[in-house]
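**Student:** 3D, please:
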Amino acid sequence: MMKAMSGSLCCACLVAGMVLLLSGCTKDAFDLRSQYTGPYSFTVQIHGAHGVGQDWLITDTTYTDAGAVLNGSRSGLMEIQGSSFELQAVLHEHGNLIGYYNPGSGNFPTTGSIDYTYRSNSPSGSTRFHISGNKQ
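**Tutor:** Predicted coordinates for the structure are as follows:
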């Protein structure tokens, strides 16, 4: 009886050890960043209004910019880089993005496109940046 019991215990320990070993080696189930990374062509729209003395300076600019979406230094963190900007955002479920250092949000409508908006505020006014892009 004791021999059968120790064999069962040994088998149970072996199975538990294998489960722990395999679970320690698995990739973060939510780290889906690689499907969105790569070179992108961005369209950047800038709209702003700033008070300068009694006058207002209105900015309304659209330009294209080559760049990339890269994995960030932490799990879930994405870097959105163009030649004129560098942003970090946290990737959430369903491709949603929330700004990491900037007050922005957006998403990946598909694995090959991005749509992100953030705002920069100052005492004299604010500027809204809208970045959309397609993977190349």
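**Student:** after the strand ranked longest in the chain, next one along is what?
**Tutor:** When the chain is parsed with DSSP state E, its longest strand is strand 55-71. Later in the chain than strand 55-71, the nearest helix or strand by DSSP states H and E is strand 77-82.
**Student:** mind listing the strands that following strand pairs with, and their directions?
**Tutor:** With DSSP bridges as the test, strand 77-82 is paired with strand 55-71 (antiparallel), strand 86-91 (antiparallel).
**Student:** deepest of those strands, which one?
**Tutor:** strand 86-91 (a mean of 19; mean count of other Cβ atoms under 10 Å). Every C-beta, even on glycine, is put in place using the N, C-alpha and C of the backbone.
**Student:** who touches that one?
**Tutor:** Residues from elsewhere that reach strand 86-91, judged by Cβ atoms under 8 Å, 6 or more residues apart in numbering: 32-33, 36, 72, 76-81, 97-102, 104-106, 116, 118, 131.
**Student:** make it 7 Å
**Tutor:** 33, 72, 76-80, 97-102, 104, 116, 118 (Cβ atoms under 7 Å, 6 or more residues apart in numbering).
**Student:** so among these, where is pLDDT lowest?
**Tutor:** For those, the model is least confident at Asn102; its pLDDT is 84.
**Student:** next, the residue nearest to it when sequence neighbours are not counted: phi, psi?
**Tutor:** Leaving aside its sequence neighbours, Asn102 sits nearest to Tyr118 (Cβ to Cβ, 6 or more residues apart in numbering; 4.6 Å). When quoted as degrees, to the nearest 10, the phi and psi of Tyr118 stand at phi -140, psi 160.
**Student:** how deep is Tyr118 tucked in, by neighbour count?
**Tutor:** 20 (other Cβ atoms under 10 Å).
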